[in-house]
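S.K.: turn this into a model:
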Amino acid sequence: LETENLSIAGQWRELDIFNNGIAKSMAWRILPRTAGIVMALRDANTMVMGGSKVSLMEPGTVVRPHTGRTNARLRIHMGISIPDGAFIRVNNETRTWTEGRCTVIDDSYVHEVWHNGDETRIVLIVDIWHPELDLERRVEGMTDPHALEMYRSMLEDPKMVLEMQGVPKAIIPDRFISEHDD
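M.R.: Residues are numbered from 1 along each chain as shown. Now for the predicted structure:
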């Protein structure tokens, strides 16, 4: 469920895959393949100042203008089911999603979403580290000691952390992908 009280009309639901570095069991039970793919992305599984989720928005939903809590991340939106009439505005730019394509936003800017269509809009949202932040700048920006410990643990041994979080071994990726991989 939408927990930030951002929707002012309609129904907006989210299924968390990761939330502040913690893998969520409901996601790996309902969407094991999607959860496994997101878990394999180093910039997603180490993102302790955001998360990854599947966002479902019913027709008639309006999400009020708001900002994300940090500019240390970028938010990838991948369209899964995009009916006509669903829009996002970031600053003064209004767009819609395209099924199977990604749009990247900096959610530290004011943004809002509305859906005037006739069918459910579904988007996969994956928070990643801002590419201009190196390891040192990421660590400098973390004031929560628990988040810092989680970040360092995920960098060092993501398989162990995911196992400790209860993720079934069949879902934990064999390989983790980073921007530095060839």
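
S.K.: buried residues in the lengthiest helix in the chain, which are they?
M.R.: For the chain, the longest helix by residue count, based on DSSP state H, is helix 145-156. Of the residues in helix 145-156, M150, Y151, R152, S153, M154, L155 count as buried by neighbour count, 16 or more other Cβ atoms under 10 Å. Just so you know, the C-beta spots here come from the backbone N, C-alpha and C atoms, and that holds for glycine as well.

S.K.: tell me which of those is nearest to R101?
M.R.: The nearest member of the buried residues of helix 145-156 to R101, counting by Cβ to Cβ, is M154 at 27.9 Å.

S.K.: in the sheet, who's paired with I105?
M.R.: Applying DSSP bridges to I105 yields these beta-bridge partners: R75.

S.K.: so what's it up against?
M.R.: L74, R75, H77, I88, V90, H111 (Cβ atoms under 8 Å, 6 or more residues apart in numbering).

S.K.: quick check: which ranges of this protein have low pLDDT?
M.R.: Residue ranges of the chain with pLDDT under 70: 1-4, 7, 179-182.

S.K.: circling back: report the two of the contacts of I105 separated the most.
M.R.: L74 and I88 (14.2 Å).

S.K.: tell me the SS of D118?
M.R.: coil (DSSP: H, G, I helix; E, B strand; the rest coil).

S.K.: that one contacts P59, correct?
M.R.: Yes: at 5.6 Å, D118 counts as touching P59 under the criterion of Cβ atoms under 8 Å.

S.K.: buried ones in stretch 122-135, by neighbour count?
M.R.: In stretch 122-135, counting by 16+ other Cβ under 10 Å, buried: I122, V123, L124, I125, V126, D127, I128, W129, H130.

S.K.: and what of stretch 161-179?
M.R.: V161, L162, Q165, V167, I171, I172, P173, F176.

S.K.: kindly report the same for stretch 12-32.
M.R.: 12, 14-19, 21, 23-24, 27-28, 31.

S.K.: on that earlier part again, run through who's touching the helix or strand just after the longest helix of the chain.
M.R.: Using DSSP states H and E, the next helix or strand after helix 145-156 towards the C-terminus is helix 158-164. Helix 158-164 is contacted by residues A23, M39, R42, N45, T46, M150, S153, M154, K169, I172, F176 when judged by Cβ under 8 Å, 6+ apart.

S.K.: do you know how far R175 is from V104?
M.R.: For R175, the distance to V104 equals 23 Å [Cβ to Cβ, to the nearest Å].
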